[in-house]
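Participant: Sequence and predicted structure below; questions after.
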Amino acid sequence: MIIDYRSDTVTRPGPGMLAAMSTAKVGDDVFGEDPSINELEQMTATLFGMEAALFCPSGTMTNQIAIKCHTQPGDEVICDESSHVYQYEGGGIAFNSGASVKLIQGNLGRITAEQVATAIQPDDVHRPHTSLVSLENTSNRGGGSCYELEEIKKIQALCREKGLAFHLDGARLWNAMVARNESAIQYGAAFDSISVCLSKSLGCPVGSLLLGKKTLIQKARRIRKVFGGGMRQAGFLAAAGIYALQNNISRLAEDHQHAKLLAAALAEKSFVKMVLPAETNIIIFELQEGHSAPDLVARLKESNIYGYAIAPNRVRLVVHLDITAAMIQQTIDTIKKY
């Protein structure tokens, strides 16, 4: 038995999801005729209280489409230095949108309104034009950390005052909402665009959605086509998303509890220097000097436990719906032997 903590993207559809996929009604989505995709888009937009949604193959695509919608070449995007849109999307901000990035050193991937205010460029022909602020909730590199809604509202107010667009990379927003007992409506009211992922914590094989006003999504649909993201009978994938929204959100609390158990076990080991607060489903821990993250990952793999070395001295473990309580206990028992 393999216990795979490399990412929550490694999940496989269960029987209920597969049944929903196999009976999905489909059509040509580029023509707007796939009933399952139309249902998923409407369902998600309604959930967040936003006007429209667009189904895409990946969260990278939804983020990059949003950034292109909100910027012009030569503009500047403000985000945390560890943001997925900057670190893990292939330089897409520059490649796709011709925009530069103003990086902020936040707290566990979270930036403040005060920091954003300082980062906005002055009205000077020598400087790039600041046009967009992008947040990530939860923060992957921050160990699954969550924003305070009040801080988000402060940044929103600043963006409105300065005429800036406000985007949320909500790849694991479902986890944040469960951990903080928040609603999708609260987030829909705060942002101009939101990207939510179905293939991470919710366990779908493929898919993310971009949410926003109808005019934004109309523009986004054109950009999706340019990016090669137009799909035909993709309702089979959308059906998985519908099933996930109806069945896989509330259970995330179980993943969070499992993550806390793993974090507590790791914190007791002498070779572990520190463990980031495990607020949701991600555990990131740093090793003492003289210990190597790749070496520890290799050692764990010998016990069929898969982790991910995100730095020479840091390891990430991600809990998901394919991780059972028995797997958690087996992992803890293995760690105790080290």
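Facilitator: Everything's here; your move. Residues are numbered from 1 along each chain as shown.

Participant: contacts, neighbours, all on C-alpha from now
Facilitator: OK.

Participant: Let me see the contact set for the residue nearest the centre of the chain.
Facilitator: Central residue of the chain (Cα atoms, centre = their mean): Ala171, 1.9 Å from the mean position. Counting by Cα atoms under 8 Å, 6 or more residues apart in numbering, Ala171 makes contact with Gly59, Glu136, Asn137, Thr138, Ser195, Val196, Cys197, Leu198, Lys200.

Participant: how about TSV for these, with distance to Glu81, secondary structure and neighbour count added?
Facilitator: Shown next, in TSV, are these (distance: Cα to Cα, whole Å; DSSP: H, G, I helix; E, B strand; the rest coil; neighbours: other Cα atoms under 10 Å):
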residue	distance to Glu81	secondary structure	neighbour count
Gly59	18	helix	27
Glu136	11	strand	30
Asn137	14	coil	24
Thr138	14	coil	28
Ser195	19	strand	30
Val196	20	strand	25
Cys197	21	strand	28
Leu198	25	coil	28
Lys200	22	coil	23
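
Participant: now, the most widely separated pair of these?
Facilitator: Glu136 and Leu198 (15.6 Å; Cα to Cα).

Participant: Next, give phi and psi for Ile37.
Facilitator: phi -70, psi -40 (degrees, to the nearest 10).

Participant: cool, Val77 as well?
Facilitator: According to degrees, to the nearest 10, Val77 has phi -110, psi 130.

Participant: what number of residues lie near the closest residue to Asp28 other than its chain neighbours?
Facilitator: Excluding its sequence neighbours, the residue lying closest to Asp28 (Cα to Cα, 6 or more residues apart in numbering) is Arg232, at 4.5 Å. Neighbours of Arg232 under the rule other Cα atoms under 10 Å: 15.

Participant: Isn't Arg232 up against Pro35?
Facilitator: No. Arg232 lies out of contact with Pro35 (Cα atoms under 8 Å); the separation is 11.5 Å.

Participant: what touches both of those two?
Facilitator: Gly27.

Participant: what mean pLDDT would you report for stretch 97-113?
Facilitator: Mean per-residue pLDDT for stretch 97-113: 98.

Participant: Correction: the previous question concerned stretch 61-73.
Facilitator: 98.

Participant: And stretch 224-232, by the same measure?
Facilitator: If you average the pLDDT values across stretch 224-232, you get 96.

Participant: swap in stretch 121-138?
Facilitator: Here the average pLDDT along stretch 121-138 is 97.

Participant: which of the residues in that stretch are buried?
Facilitator: Pro128, His129, Thr130, Ser131, Leu132, Val133, Ser134, Leu135, Glu136, Asn137, Thr138 (16 or more other Cα atoms under 10 Å).

Participant: Wasn't the third one part of a helix?
Facilitator: No. Under DSSP: H, G, I helix; E, B strand; the rest coil, Thr130 falls outside any helix and is assigned strand.

Participant: is it true that it touches Thr118?
Facilitator: No. With contact defined as Cα under 8 Å, Thr130 does not count as touching Thr118 (11.6 Å).

Participant: Give me the distance from the longest helix seen in the chain to the chain's centre.
Facilitator: Counting residues, the longest helix in the chain under DSSP state H turns out to be helix 252-267. Taking Cα atoms, centre = their mean, to the nearest Å, one finds the center of helix 252-267 at 19 Å from the center of the full chain.

Participant: mean confidence score for it?
Facilitator: On average, the pLDDT along helix 252-267 is 98.

Participant: and Leu164, what does it touch?
Facilitator: Neighbours of Leu164 in contact, by Cα under 8 Å, 6+ apart: Thr130, Ser131, Leu132, Val133.

Participant: Which stretches in the stretch 201-338 of the chain count as helices?
Facilitator: For the stretch 201-338 of the chain, the helices defined by DSSP state H, counting those that start in this stretch cover 214-226, 235-247, 252-267, 293-302, 325-336.

Participant: among these, which is the most enclosed?
Facilitator: helix 235-247 (a mean of 23; mean count of other Cα atoms under 10 Å).

Participant: distance between it and the chain's centre?
Facilitator: The answer for helix 235-247 is 18 Å, by Cα atoms, centre = their mean.

Participant: before we move on, what about stretch 112-130?
Facilitator: 26 Å.

Participant: which other residues reach it?
Facilitator: Under Cα under 8 Å, 6+ apart, the answer for stretch 112-130 is 74-78, 100, 102, 104, 106, 133, 151-152, 154-155, 158, 164.

Participant: Could you work out the end-to-end span of that stretch for me?
Facilitator: 16 Å (Cα to Cα, to the nearest Å).
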